[in-house]
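Novice: what follows is a predicted structure for the sequence shown.
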Amino acid sequence: MDDCIFCKIIKGEIPSTKVYEDASVYAFRDIHPMAPVHILVVPKEHIACADDINDDNCVCVARIFAAIAKIAKQEGLTNGYRVINNCGRDGCQSVKHLHFHILGGKQLPENMG
C-alpha cells in the first residue's frame, strides 16, 4: 500500500529503530512507548487488520509469534511481557496494517491493554 506508514517503514522510506527483521517480519521500537520495552511487530506483507487474516496469509501470524519470542529473549523480558493487537475503530487500531505490540520491562497494570 503506497500510503501505509508501516509499509514505508518496512521499505526504509521512513526511519525506525529496528530491533528484528527476517524475510517476512519487521519489528521496531514504538515512538510513543507505553512501557520500558514497547516494540511493534509487523508482517512485511500488507494485511490491514486481524479481520483480514485468512488461509492464504495465516502463516505470517505464526512467523510473527515466533519472532515475538525471539525479540522478548533478545530484550531480556525474562519476567514476562504482554502482546496486544488492536483491530478496527472500536479496538483503537491507529494504523491499518496488522501489528502486534510487545510491552514489557516492568510489572504492567492489569487494566493496560
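Specialist: Looks like it arrived, so ask away.
Novice: and the strands in this structure?
Specialist: For the chain, the strands defined by DSSP state E cover 18-21, 25-29, 37-43, 81-84, 100-104.
Novice: can you give the strand pairings for the third one, parallel or anti for each?
Specialist: Sheet pairing of strand 37-43 (DSSP bridges) gives strand 25-29 (antiparallel), strand 100-104 (antiparallel).
Novice: as JSON lines, the ones you listed with mean neighbour count would be great.
Specialist: Any C-beta I mention is one placed from the backbone N, CA and C, and that applies to glycine too. Putting those into JSON lines (neighbours: other CB atoms under 10 Å) gives the following:
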{"stretch": "strand 25-29", "mean neighbour count": "21"}
{"stretch": "strand 100-104", "mean neighbour count": "21"}
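Novice: ok, now which ones touch the nearest residue to Val83 once chain neighbours are set aside?
Specialist: In space, and not counting its chain neighbours, Val83 is closest to Phe100: 5.5 Å by CB to CB, 6 or more residues apart in numbering. Residues in contact with Phe100 (CB atoms under 8 Å, 6 or more residues apart in numbering) are Leu40, Val41, Val42, Ile64, Ile68, Val83, Ile84, Asn85.
Novice: around the fifth one, count how many other residues there are.
Specialist: Other residues within reach of Ile68, judged by other CB atoms under 10 Å, total 20.
Novice: was I right to think it contacts Ile102?
Specialist: Yes. Ile68 is within contact range of Ile102, at 6.0 Å (criterion: CB atoms under 8 Å).
Novice: what sits in contact with each of these two?
Specialist: In contact with both Ile68 and Ile102: Val41, Val83, using CB under 8 Å, 6+ apart.
Novice: contacts for the helix ranked longest in the chain next, please.
Specialist: Longest helix in the chain, counting residues (DSSP state H): helix 59-74. With contact meaning CB under 8 Å, 6+ apart, helix 59-74 is reached by 19-20, 22, 24-25, 27, 39, 41-43, 45, 47, 53, 81, 83, 100, 102, 104.
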